[in-house]
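Visitor: return a 3D structure for these sequence lines:
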Amino acid sequence: MPQTQPRISRALKCAFPHTIPIFAGFCFLGMTYGIYMKVSGFAFWYPMLMSLVIYGGSLEFVAVSMLLAPYAPMQAFLMTLMIQARHLFYGIALLDKFRGMAWKKPYLIFGMCDETFSINCTAEIPEDVDRGWFYFFVTLLNQIYWVLGATAGGLVGGLIRFNTEGLDFVMTAMFVVIFLEQWRKEKRHDSAAVGMAASVVCLAIFGADNFLIPTMVCILAVLTALRRPLEQKEADAQ
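Guide: From the prediction side, this is the model:
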């Protein structure tokens, strides 16, 4: 136990700074979600409970209309699958990182959102920091931020009257910053170029509402096909 405590505290201190940008985004967007649920006629504990057990930002917004619509379980299932299917690809990318995580693994899988995935994939973890505890605290802190924001929005939603249009752009701005930071860290940008090209092509073909999953499939297929040439280029560069 004496050795475990410092290891846990080091991981927490290392993980927290990485989650500060997420804290800013989740507080604003979480409050927007809570306010949206409140003005839609739900009590404050609805966004609090849904942010705890669903924990999928875009899906939680869509779930509001599902709860207000006639009972249609198959439609709800297909909508949920379509919105969250990108997590299948996230899971594939994190197979090696989550290996050997013991009891932490189920929560790391449950709590994996876009922002947590970005941090856990790109963060440079010091050698003296336990990777399992680092991933755990990144996941836990991000969910805490979202739950707090959603709960606060549900509590004050009935008191505040203002136009929240455009507030969700906070998350778009945050992803742009994460992308630019990753671009700066990498010496070669082949994978980023593949991702941008696939996004543009799929956006033109499938439209803004349906391009995400085809984009993920294209990126996975292209990077799998080019894996050996890309690895060879990276080895030559070193």
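
Visitor: only C-alpha atoms from now on, for both contacts and neighbour counts.
Guide: Will do.

Visitor: next SSE after the helix or strand bottoming out on mean pLDDT in the chain?
Guide: For the chain, the helix or strand with the lowest mean confidence is helix 169-185, at a mean of 68 (criterion: mean pLDDT, DSSP states H and E). Beyond helix 169-185 on the C-terminal side, the first helix or strand identified by DSSP states H and E is helix 190-206.

Visitor: for that next one, buried residues please.
Guide: Counting neighbours by 16 or more other Cα atoms under 10 Å, one finds that the buried residues in helix 190-206 are 191, 195, 198-199, 202-203.

Visitor: got it, and stretch 77-91?
Guide: Within stretch 77-91, the residues scored as buried using 16+ other Cα under 10 Å are 79-80, 83-84, 86-87, 90.

Visitor: ends of it, how far apart?
Guide: Stretch 77-91 has an end-to-end distance of 20 Å (Cα to Cα, to the nearest Å).

Visitor: and that stretch, how far out from the chain's middle?
Guide: Taking Cα atoms, centre = their mean, to the nearest Å, one finds the center of stretch 77-91 at 12 Å from the center of the full chain.

Visitor: ditto for stretch 186-200
Guide: Averaged C-alpha coordinates place stretch 186-200 at 19 Å from its chain's average position (Cα atoms, centre = their mean).

Visitor: what's the average pLDDT for it?
Guide: The pLDDT scores in stretch 186-200 average 83.

Visitor: repeat that for stretch 24-31.
Guide: Mean pLDDT, taken over the full extent of stretch 24-31, equals 84.

Visitor: next: stretch 74-85.
Guide: Along stretch 74-85, the predicted confidence averages to a pLDDT of 76.

Visitor: make 108 the starting number, not 1.
Guide: Fine by me, first position is 108 from now on; the one you just mentioned is stretch 181-192.

Visitor: how far is it from where the chain is centred?
Guide: Using Cα atoms, centre = their mean, the offset of stretch 181-192 from its chain centre is 17 Å.

Visitor: what does it rub up against?
Guide: With Cα atoms under 8 Å, 6 or more residues apart in numbering as the test, stretch 181-192 has contacts from 163, 165-166, 173, 320.

Visitor: which pair in those has the greatest spatial separation?
Guide: Across the contacts of stretch 181-192, no pair lies farther apart than 173 and 320, at 21.5 Å, counting by Cα to Cα.

Visitor: and the residue nearest to residue 205 when sequence neighbours are not counted, how far is that from residue 198?
Guide: Distances taken as Cα to Cα, 6 or more residues apart in numbering put residue 212 closest to residue 205, at 6.5 Å, once the chain neighbours are dropped. Distance check for residue 212 against residue 198: by Cα to Cα, it reads 11 Å.

Visitor: likewise for residue 321?
Guide: For residue 321, the distance to residue 198 under the criterion Cα to Cα works out to 17 Å.

Visitor: ok, residue 256 next?
Guide: Taken as Cα to Cα, the spacing of residue 256 relative to residue 198 amounts to 26 Å.

Visitor: flag the shaky bits of the protein, pLDDT-wise.
Guide: Under the criterion pLDDT under 70, the flagged ranges of the chain are 108-112, 265, 267-282, 285, 341-345.

Visitor: domains in it, by residue range?
Guide: The chain breaks down by automatic domain parsing into domains covering 111-273, 293-345.

Visitor: go through those domains and pick out the most buried.
Guide: Across these, the average number of neighbours (mean count of other Cα atoms under 10 Å) peaks for domain 111-273, which reaches a mean of 17.
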